[in-house]
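Chemist: What follows is a protein structure lacking sequence information:
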């Protein structure tokens, strides 16, 4: 069959490999030329707040001008979406699609995607794939995504459209998480080379392969007794069958949660090269992707204008919420600087202007990368808001607080602190508890675990093996752990949480 | 973005005289070297060799020398190396709705994909979807072909139809786990695209989202005037859906093997089966009965437009697909030919009614 019709993936173009000052200048030009701010000023997300602070979009010419515009938070977006009829939300744009957020921080938000956004995503995909797939390799991919109305499904279809547009046969097969087993059977038969998935799901599949292989071999032998099936059954008992023995994945493109903790396990089980991508519903057309040097994710300055609010500023903001924190453009940030990622996107239907993502990131470098791409590089750490991040499962710290305060049958909880770590690659909740009243420890532990299990996402993730069993540790005193602002920290991300296994 | 318009040619093909359509189909079969291309697929190698068949056709009737293939053949061939069934570069795979071992995967080539877009453009025009309509699509989960419908329709509209359609894509799987019924109420769609039984199942969720238990969708979603239903026969649920939604239901015949997207028109006198995209045959019920009673008997088939109106039988299709042309594929669908005379809507393609899966009716016969 061959691929006579296929065209090679484009090499990194000048938009990716030019000197940083040129990329920055292009980014600022795009900010002006796209008339983004004028469009945004008519959007209900920004209109009243900008009027109140006398923002004049026409006067924004430089980064310093942009920095005078107030930040936008998820709260602002949520309020605007709740108050505005969907038809009026993007009245200027040709809305083509509505996608929903997962709703981990409240009710799911519905974000419009415009026609130009769809075109930009489709046109931008070859460049993203050029970071991941060597030009000579085949493009066959299989994806395992969340179903509609989530953005990942539409993004994968747009990838497929992009391949067709570029005449690149991709043997693409799109599956939903609900059909993970069917997806893996397909991947085995089709010999797919690239896997698109959530890293925790892929790691879980890799973990289950040895068990399933043994069970499957036994089932085959029981169903039809012949030498081949017998040998297969014996082999699965002697050799630990790994995913690498069954699948031909060479690389995986992972999004939805940090990849680093799972990277080792994915390499070992699938023998694939994992690539991290950053994606969010609100900014689906922004390209933030790791290259084959694996030294951070490149933030493409022609798809967004990234800023960072340093951690010190975040701490000061906690001390004095009335004082807005200061941000600096990502290209001016030094390596190692950690802070909250702020994005201004060039979207048609739902532009983000100085949107605080609540994602804590670290700047890796603004120097050109060995891969030839000169867009700055970052790495994602964790959430910096009140959301507890267990990979794919996220929930509010206030929800946990509420559950722990409800513990009463076998004693009460005085103080507590949640340490987030990992058991193998799986996120693990280690809850330190200082009992508030005497009671039977075993019964109290059971009750706390039952309360935690009332958090739907946690229960499901635990039952499906996506997170480790939570552990309760009774301590006499909770040692103080404060942030720079002096405020007590109820949730601590342990180093193991980022490293994994 | 895209290099070419995907609207199907020639323009007005939906209303060409039947004789011209038959000629067009034959031309596409022969000039498109469908049989010659199909010979490159592992699906046909053994059966054609068994009958000493040379992959060449003189005319359409010559096609009937070739043996039928069925889903069993497809399943057998795809059980190992999937790629070998394709005879052209594969861009993607579409799956049938069945689960487990009986699920079939069909390779999709570039031209197959463009045909799908063209058919969706045609669908929008036949159903007369209004400009700027909001479509609430609730397809089954990927990898089923139907899952791709809303996204492909969006692209077809961007490239060809130009109605500026807006899509809310949801899933039954996320019902109760996401607030999409509530959002649908806020956005007030104009078109509903889903399976008929799903439309009825989601009705109570709309009522709950509206805070009006017992309310009918027609009261809380008054904008939905058009429903396009696929995946199962619409007829048994047509009245119930109309009563619940107050919409005009259209029946879309779609299968992953033959994504012809045939649809009924506003006259609702059967589904117009697009014979410019395939050669359609029917194995009459009498032949099916004989096949069932005489194992090994090979039933006869006649071209769809030559069968008498009212005939019932199994639909057989020969597609002109790029990645995997299906040659005399027994669809497993029991159909009734409604008529071949031009329809009041102006379309001239034969009209059929899909009665259900043949396997189900065989089971019913056996049980009785």
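Modeler: Thanks, I have it. Note that the structure is a prediction, hence the values are computed from the model and not measured.

Chemist: Next, residue B:58: phi, psi?
Modeler: Dihedral pair for residue B:58: phi -90, psi -50, per degrees, to the nearest 10.

Chemist: how close does it get to chain A?
Modeler: When C-beta to the nearest C-beta, to the nearest Å is the yardstick, residue B:58 and chain A sit 28 Å from each other. C-beta here means a position set from N, CA and C on the backbone, and glycine is covered the same way.

Chemist: Then residue B:96?
Modeler: Distance check for residue B:96 against chain A: by C-beta to the nearest C-beta, it reads 12 Å.

Chemist: Return the residues in contact with that residue.
Modeler: Applying C-beta atoms under 8 Å, 6 or more residues apart in numbering or on different chains, we find residue B:96 in contact with B:103, B:104, B:105, B:106, B:144, B:145, B:255, B:256, B:257.

Chemist: change it to 7 Å
Modeler: Remark: with contacts taken as C-beta atoms under 7 Å, 6 or more residues apart in numbering or on different chains, residue B:96 is in contact with B:103, B:104, B:256, B:257.

Chemist: do residue A:278 as well
Modeler: Taking C-beta under 7 Å, 6+ apart as the contact definition, residue A:278 lies against A:255, A:288, A:297, A:380.

Chemist: For the residues you listed, which single residue is the most surrounded?
Modeler: Within the contacts of residue A:278, neighbour counts (other C-beta atoms under 10 Å in any protein chain shown) peak at residue A:288, which reaches 27 neighbours.

Chemist: Show the backbone phi and psi for the closest residue to that residue other than its chain neighbours.
Modeler: The shortest distance from residue A:288 to any residue that is not its chain neighbour, by C-beta to C-beta, 6 or more residues apart in numbering or on different chains, is 3.8 Å, and that residue is residue A:278. Comment: the main-chain dihedrals of residue A:278 come out as phi -110, psi 130, following degrees, to the nearest 10.

Chemist: can you pull the pLDDT of residue A:278?
Modeler: With respect to pLDDT, residue A:278 has a value of 91.

Chemist: Residue 274 - how many residues pack around it?
Modeler: This is for chain A. Taking other C-beta under 10 Å as the definition, residue A:274 ends up with a neighbour count of 24.

Chemist: was after chain B, sorry
Modeler: 24.

Chemist: how about it, what does it touch?
Modeler: Counted by C-beta under 7 Å, 6+ apart, residue B:274 has contacts B:260, B:262, B:349.

Chemist: partners of the second one in the sheet?
Modeler: Think residue B:262. Beta-bridge pairing of residue B:262, defined through DSSP bridges, involves residue B:253.

Chemist: got the contact list for it?
Modeler: So residue B:262 contacts B:253, B:271, B:272, B:273, B:274 (C-beta under 7 Å, 6+ apart).

Chemist: Same question for the first one.
Modeler: Remark: with contacts taken as C-beta under 7 Å, 6+ apart, residue B:260 is in contact with B:119, B:253, B:274, B:277, B:278.

Chemist: so what's the residue lying closest to residue A:473 once chain neighbours are set aside up against?
Modeler: With sequence-adjacent residues excluded and distances taken as C-beta to C-beta, 6+ apart, residue A:473 is closest to residue A:432, at 5.1 Å. Contact partners of residue A:432, counting by C-beta under 7 Å, 6+ apart, are A:416, A:417, A:419, A:473, A:475, A:478.

Chemist: what helices or strands is the longest helix along chain A leaning on?
Modeler: Counting residues, the longest helix found in chain A (DSSP state H) is helix A:199-223. Identification of packing neighbours for helix A:199-223 by 3 or more C-beta pairs under 7 Å, 6 or more residues apart in numbering or on different chains; DSSP states H and E yields helix A:227-238, helix A:243-246, strand A:251-254, helix A:260-270.

Chemist: what would the contacts of residue A:278 look like in CSV with pLDDT?
Modeler: Shown next, in CSV, are the contacts of residue A:278 (pLDDT from 0 to 100):
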residue, pLDDT
A:255, 91
A:288, 93
A:297, 96
A:380, 90
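
Chemist: And those, which is closest to chain B?
Modeler: For chain B, the closest of the contacts of residue A:278 turns out to be residue A:255, at 16.9 Å, with distances computed as C-beta to the nearest C-beta.

Chemist: who in the stretch 1-150 of chain A is up against chain B?
Modeler: When proximity is defined as C-beta under 7 Å from any C-beta of the partner chain, the stretch 1-150 of chain A approaches chain B at A:1, A:3, A:5-6, A:85-86, A:94-98, A:100, A:107-108, A:110, A:115, A:119, A:122-123, A:147-149.

Chemist: Just the buried ones out of those residues, please.
Modeler: When neighbours are counted using 16 or more other C-beta atoms under 10 Å in any protein chain shown, the residues of the stretch 1-150 of chain A next to chain B contain these buried positions: A:6, A:86, A:94-98, A:100, A:108, A:110, A:115, A:119, A:122, A:147-149.

Chemist: what's the helix or strand for residue A:472?
Modeler: strand A:471-474 (DSSP states H and E).

Chemist: Partner strands of that strand, with direction?
Modeler: strand A:426-435 (parallel).

Chemist: Now find how far off-centre whichever helix or strand comes after the partner strand is within its chain.
Modeler: Remark: after strand A:426-435, the chain's next helix or strand is helix A:441-453, criterion DSSP H and E. Helix A:441-453 has its C-alpha centroid displaced from the chain centroid by 31 Å (C-alpha atoms, centre = their mean, to the nearest Å).

Chemist: what do you get for stretch A:492-499?
Modeler: 17 Å.

Chemist: So which bits of it are buried?
Modeler: Neighbour counts using 16+ other C-beta under 10 Å place A:493, A:497, A:498 of stretch A:492-499 among the buried residues.

Chemist: And stretch B:296-310, by the same measure?
Modeler: Neighbour counts over stretch B:296-310 (16+ other C-beta under 10 Å) mark B:299, B:301, B:302, B:303, B:304, B:305, B:307 as buried.

Chemist: quick one: average pLDDT of stretch B:182-199?
Modeler: 97.

Chemist: roughly how far out does it sit from the chain middle?
Modeler: Distance of stretch B:182-199 from its chain centroid, counting by C-alpha atoms, centre = their mean, is 21 Å.

Chemist: picking up where we left off before, now go through the buried residues of stretch B:296-310 and say which are in strands.
Modeler: B:302, B:303 (DSSP state E).

Chemist: For the buried residues of stretch B:296-310, could you give me a markdown table that also reports pLDDT and distance to residue A:138?
Modeler: Below are the buried residues of stretch B:296-310 laid out as a markdown table (pLDDT from 0 to 100; distance: C-beta to C-beta, whole Å):
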| residue | pLDDT | distance to residue A:138 |
| --- | --- | --- |
| B:299 | 97 | 42 |
| B:301 | 97 | 40 |
| B:302 | 97 | 44 |
| B:303 | 98 | 41 |
| B:304 | 97 | 40 |
| B:305 | 96 | 43 |
| B:307 | 97 | 45 |
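
Chemist: Residues in contact with the longest helix of chain A: which ones?
Modeler: Counting contacts by C-beta under 7 Å, 6+ apart, the residues touching helix A:199-223 from outside are A:144, A:177, A:180, A:184, A:195, A:229-230, A:232-233, A:236-237, A:240-243, A:246, A:252, A:254, A:257, A:259, A:262, A:265-266, A:269-270, A:391-392, A:425, A:465-466.

Chemist: Get me the contact residues on the stretch 151-300 of chain B for chain A.
Modeler: Where proximity means C-beta under 7 Å from any C-beta, the interface of the stretch 151-300 of chain B facing chain A comprises B:151, B:154-155, B:158, B:164, B:166-171, B:173-174, B:178-180, B:183, B:186-187.

Chemist: From these, keep the buried residues only.
Modeler: B:151, B:154-155, B:158, B:166-171, B:173-174, B:178-180, B:183, B:187.

Chemist: from those residues, which ones fall inside strands?
Modeler: Among these, DSSP E puts B:166, B:167, B:168, B:169 in strands.

Chemist: will you turn those into TSV that also has pLDDT?
Modeler: As requested, those are exported to TSV (pLDDT from 0 to 100):
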residue	pLDDT
B:166	98
B:167	98
B:168	98
B:169	98
